[in-house]
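K.L.:
Pasting a predicted model and its sequence here:
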Amino acid sequence: MSLELDQITVTVPDGPETRTILDTVTLRVEAGETVAVTGPSGSGKSTLLAVAGLLQRPTAGRVRIAGTDASALGDRARTRLRGATIGIVYQAANLLPSLTARQQVEVAAHANGRLDRAARSRAEELLVRVGLADRIDARPEALSGGERQRVAVARALMMEPRVLLADEPTSALDAARGEAVMDLLLEEARRLGAATLVVSHEGGHTRLVDREFRLDPAGTSVR
Amino acid sequence: MYVALRDLRAARGRFVLVGLVISLVALLTTLLSGLAAGLVDDGISGLRRLPLTHLAMEDGSDGTFSRSTLTDDDLASWEDVDGVEATPLGASFVNAKDGDGTSVSLALFGVTEDSFLAPRPEARAALAGPDGLVLSDELEGQGIEVGDELTLAGSDVTVPVLGFTYTGSYGHVPIAFTQLDTWRHLFYGDGARGRFSAIALHASGTGDDVAAALDRAARESGTEVLTKEEAYAGSPGYTGETQTMTLIRGFLLAISALMVGSFFTVWTIQRAKQIALLKALGGTTAYVLRDALGQMAVVLLAATVVGAGVAVVLGLAIQRSDVPFRLEVAPVLGSIALLMTLGLAGCLVAVRRITRVDPAGALRSID
């Protein structure tokens, strides 16, 4: 099992009360499996992704990434684990303004202390694979929305993650471009054999994934 | 510094602007260092050059020659102290006029011809001859020549110029050496009664024995012993000038630290989501701190070196003028190091923010 979310509960302070975002949610994703997380706004889809990506600690419950219980780890170890095993594609491309497309991808390896000649070749290879062979040295301001999101996909794949997470990665793109990016993301995820979790709006790309995991407005899983 | 260096190139206008301000502070700080060193030189270079280690002065004089009067009896207490050479020194300020009526101010030091204060043979020879003055060589450039007669204001005594030597200045006035007897005559007239200003001491060694011997002799003679450095404070204006310069430099450095800190704090706030992204990509807090601090250090170092470099060039030009200015390597490097240290200290607020950036912030757009 590559990704296990076990009895995840997330509550946040809300004035004098606490509000439950996720309530004892359990989800397991096998290596190579793609799952779409759906649900209405406010159902906790992005929070679930943040917990799965070790970006946020749950109030209760356990997260296992590639067999490692991340709940027991300190911040530094969680960061290391995240960098080595998890790739994330965000709603917006989240590219660093001063870096070229090549550097956007390379920085993932650099942050993990693994930027060597092989990593540089891999970054270029990934950009070619996502269709940006002629945009390798372009900065974000020179790229279209679709091209930026392709760079973000390449960056997420750079460390050959065991877990790939995507938070509505096509929401800023038109239908045709969105579908192309989604196809690319899932194709690469399957090629890598990564457990993939895609947060998607209602009626989104569920037909492209292996199964759907739906959250109800109360933050509990309904299937 | 993968992102930091590329940020510097991409946002060079912003960094050049803050770098320019840091350069100006470095320029001012370095120029002030030169000015402070020049003023100190102008105030005490003559005293610093004298081959003495301590001065014994009248108790309570605080290193001020005009407040100290000692006699040959006081000197006697010092003459038998082991490891310590003692010689009388008369010191006073006088105004003199040459034959053309041009007025010059002098710090007149009276020493005996066999004094260790006059180590050069030509100085001893001059002091052993007839009454006269050995002037600071800076007066040679003002049209005074050997053989000229100077009339000293007050006493109306006329003395010839015997020669010039590098004597430096004291209290911003060029030093003139004369025989102790001549000095006594000029200062006290016929009623000198063996008086002079202070006893110059040369202690061989710096051990506890010497210190104890100096203390004992001071007690016995009822005098106060000051090290040469402590005696600098007696130079007119010395304490005020050095304190003012130190205060101005301190303010400049504090302003610089505040400014650098503010810039990098605002810059860090603007970059918070980028930092979150780097953390989300697997960058540890140490990684993003290295990146950010490296960037700050590069900007600080480059701007400070440029500013100090321009100041050195300007300083070399100023040194050729009459402005008291002296550039020394150690204070310039010290200013750079201090500016860097305080600048980085100013960045601590930014550093604190960086450590607190939540990687979950990457879920929000930074585009």
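P.N.:
The structure has been received and is ready for your questions. All figures in this text were calculated on a predicted structure; none of them were measured in a lab.

K.L.:
Tell me which residue in chain A sits closest to chain B.
P.N.:
The nearest approach of chain A to chain B comes at A:Gly83, 1.5 Å away (CB to the nearest CB). The way it works is simple: take the backbone N, C-alpha and C, and place the C-beta from them, glycine included.

K.L.:
that's a strand at that residue, yeah?
P.N.:
No - per DSSP: H, G, I helix; E, B strand; the rest coil, A:Gly83 lies outside any strand segment and is helix.

K.L.:
Pull the contacting residues for it.
P.N.:
Contacts for A:Gly83 were tallied using CB atoms under 8 Å, 6 or more residues apart in numbering or on different chains; they are A:Ala108, A:Ala111, A:Asn112, A:Met159, B:Leu281, B:Gly282, B:Gly283.

K.L.:
next one: B:Leu24
P.N.:
B:Leu24 makes contacts with B:Gly307, as judged by CB under 8 Å, 6+ apart.

K.L.:
And the next helix or strand past the host helix or strand of it?
P.N.:
B:Leu24 belongs to helix B:12-49 when elements are defined using DSSP states H and E. Following helix B:12-49 in sequence order, the next helix or strand is strand B:54-58 (DSSP H and E).

K.L.:
between that next one and helix B:12-49, how many degrees?
P.N.:
70 degrees (axes from the mean of the first three to the mean of the last three CA atoms, to 10 degrees).

K.L.:
from the contacts of A:Gly83, which two are the most distant?
P.N.:
Spatial extent of the contacts of A:Gly83 (CB to CB) is set by the pair A:Met159 and B:Gly283 at 12.1 Å.

K.L.:
Now the common contact residues for the two.
P.N.:
The contact sets of A:Met159 and B:Gly283 overlap at A:Gly83, A:Asn112 (CB under 8 Å, 6+ apart).

K.L.:
between the two, which one's more packed in?
P.N.:
B:Gly283 (28 against 22; other CB atoms under 10 Å in any protein chain shown).

K.L.:
residues near the closest residue to the more buried one other than its chain neighbours, how many?
P.N.:
With sequence-adjacent residues excluded and distances taken as CB to CB, 6 or more residues apart in numbering or on different chains, B:Gly283 is closest to A:Ala111, at 3.6 Å. Neighbours of A:Ala111 under the rule other CB under 10 Å: 26.

K.L.:
How about the contacts made by A:Ala111?
P.N.:
Contacts of A:Ala111 by CB under 8 Å, 6+ apart are A:Gly83, B:Tyr2, B:Leu278, B:Leu281, B:Gly282, B:Gly283, B:Tyr287.

K.L.:
how close does it sit to A:Pro97?
P.N.:
Taking CB to CB, to the nearest Å as the measure, A:Ala111 falls 17 Å from A:Pro97.

K.L.:
next one: A:Ala50
P.N.:
Counting by CB to CB, the gap from A:Ala50 to A:Pro97 is 24 Å.

K.L.:
Among those two, which residue is more densely surrounded?
P.N.:
More crowded of A:Ala50 and A:Pro97, by other CB under 10 Å: A:Ala50, with 25 against 15.

K.L.:
Report the contact partners of the more buried one.
P.N.:
Counting by CB under 8 Å, 6+ apart, A:Ala50 has contacts A:Gln56, B:Ala360, B:Leu363.

K.L.:
That one should be in a strand, yeah?
P.N.:
No - under three-state DSSP, A:Ala50 sits outside any strand and is assigned helix.

K.L.:
pLDDT value on it, please?
P.N.:
Here, the pLDDT recorded for A:Ala50 equals 94.

K.L.:
Assumed B:Gly205 was part of a strand.
P.N.:
No - under three-state DSSP, B:Gly205 sits outside any strand and is assigned coil.

K.L.:
Just confirm it contacts B:Gly83, I think it does.
P.N.:
Yes - using CB atoms under 8 Å, B:Gly205 is in contact with B:Gly83, at 6.1 Å.

K.L.:
Okay then, goodbye and thanks.
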